[in-house]
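J.: Have a look at this fold, sequence not included:
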């Protein structure tokens, strides 16, 4: 895709051969990363379909097994834990069975919950996916799209700011569910800047905010064009123009534009954009891939990697996770094996 646009971009060259990748991943185990964002519970119901319902033209799913995982920003915590990184979560959940189930899963996964606030004013966000033959049949979302009260947001912010100084990186994961507003974001980014702690942001198209001062912001293509108020485009030159405009607007050190099957483009001030082709072999499920990418970006920056090196590891991880069903994670062993395969 970028071969005809080499005057605009630099194509990626491997920065981390397997031995260096192995030592980098080993250093990840010393990290502590704070994730602030919209916490959810992901529920998966697996079954088989053998007939169509006589009541309506829909498949009848015979349930065979059920599983639940931390979802939304909590899935970023799960991704961190899979890499051996200590994750601390901060966000709001309800005083309900789904919230209790989420807390139990997090504690079982050794993911820190001291930054989580519980409220009886809103339910825990619960997303139920029903799958048959490795395909989603339907997704059922249980949530109340109401914004947090100033008091509730202040409680989450207070807990996050208490945990932040003990962390090596901060991830802001906005799923557009009402936690983030400009004052909340500014307080977190300023606190991290004052402590010299890198910040990685996963923005949301439905919640336009100024991410000025973030170390890295990771919009996807739709989010990038939405942020600059332009329609989506399939032209690489438009992707590059959008990325450069957002890099200037947000004054961040890095902007990573993710492009699905077209890979990623990393933007840095005064440097030619850096294109990274996709590493995915087969794509089964893209749910949660963005969480994996932001996890590797923040961890790489916390471990002292350059933006291009962190982005290459994130791209490698994305290629692994989309080949799995459900909101999956990657392990250090999988990353090292993939690096050897692609090397």
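T.: Alright, I've got the coordinates. All figures in this text were calculated on a predicted structure; none of them were measured in a lab.
J.: Report the outermost residue of this structure with respect to its centre.
T.: residue 54 (40.7 Å; Cα atoms, centre = their mean).
J.: contacts for stretch 247-262?
T.: Stretch 247-262 has contacts (Cβ atoms under 8 Å, 6 or more residues apart in numbering) with 1, 201, 210-221, 224, 227-228, 239, 242-243, 246, 264-269, 277-278, 280, 283, 286, 290, 293, 297, 307, 311, 314, 318. Bear in mind the C-beta positions are built from the backbone N, C-alpha and C, glycine included.
J.: Buried by neighbour count: which residues of that stretch qualify?
T.: 247, 250, 252-259, 262 (16 or more other Cβ atoms under 10 Å).
J.: What of stretch 68-78?
T.: Those would be 68-78, for stretch 68-78 by 16+ other Cβ under 10 Å.
J.: same question, stretch 265-283
T.: 265-268, 273-280.
J.: quick check, distance from that stretch to the centre of its chain.
T.: Computed by Cα atoms, centre = their mean, to the nearest Å, the chain-centroid distance of stretch 265-283 equals 17 Å.
J.: re the thing from before, secondary structure for the buried residues of stretch 247-262 - can I get that in TSV?
T.: Below are the buried residues of stretch 247-262 laid out as TSV (DSSP: H, G, I helix; E, B strand; the rest coil):
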residue	secondary structure
247	helix
250	helix
252	coil
253	coil
254	strand
255	strand
256	strand
257	strand
258	strand
259	coil
262	helix
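J.: Looking at those residues, which is nearest residue 38?
T.: Relative to residue 38, the closest of the buried residues of stretch 247-262 is residue 258; by Cβ to Cβ it sits at 19.0 Å.
J.: Mind listing the residues bridging to the closest one?
T.: residue 220, residue 264 (DSSP bridges).
J.: that older thread, make CSV out of the buried residues of stretch 247-262 and add distance to residue 111.
T.: As requested, those are exported to CSV (distance: Cβ to Cβ, whole Å):
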residue, distance to residue 111
247, 32
250, 29
252, 27
253, 27
254, 26
255, 28
256, 24
257, 29
258, 24
259, 30
262, 32
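J.: Just checking: the least confident one among those residues is which?
T.: In terms of pLDDT, residue 262 ranks lowest among these, with 85.
J.: low-confidence ranges in the stretch 201-343 of the chain?
T.: Where the stretch 201-343 of the chain drops to pLDDT under 70, the residues are 279-288, 325-327, 342-343.
J.: run the last query once more with 50
T.: For the stretch 201-343 of the chain, applying pLDDT under 50 flags the ranges 284-285.
J.: what ranges do the strands span in it?
T.: 216-217, 254-258, 264-267, 274-276 (DSSP state E, counting those that start in this stretch).
J.: would TSV of those strands with distance to residue 36 be doable?
T.: Listed next are the strands of the stretch 201-343 of the chain as TSV, based on distance: least, Cβ to Cβ, whole Å:
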stretch	distance to residue 36
strand 216-217	15
strand 254-258	19
strand 264-267	23
strand 274-276	27
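J.: Show me the one of those that comes nearest residue 301.
T.: strand 216-217 (6.6 Å).
J.: The buried residues of stretch 265-283: which two are farthest apart?
T.: Largest separation among these by Cβ to Cβ: 268 and 280, giving 24.5 Å.
J.: show me the contacts for residue 225.
T.: Contacts of residue 225 (Cβ under 8 Å, 6+ apart): 231-233, 238, 242.
J.: So which of those residues is surrounded by the most neighbours?
T.: Tallying neighbours with other Cβ atoms under 10 Å puts residue 242 at the head of those, with 25 neighbours.
J.: Make sure that residue is actually in contact with residue 228.
T.: Yes. If you go by Cβ atoms under 8 Å, residue 242 and residue 228 touch, sitting 5.6 Å apart.
J.: can you give me the mean pLDDT across stretch 117-127?
T.: 91.
J.: can you list contacts of that stretch?
T.: Applying Cβ under 8 Å, 6+ apart, the contact partners of stretch 117-127 are 38-43, 71-72, 91-96, 98-99, 102, 139-144, 146, 148-149, 152, 155-156, 159, 177.
J.: Helices of the protein, start to end?
T.: 18-28, 73-82, 97-108, 150-163, 182-195, 221-227, 236-250, 289-302, 307-321, 332-342 (DSSP state H).
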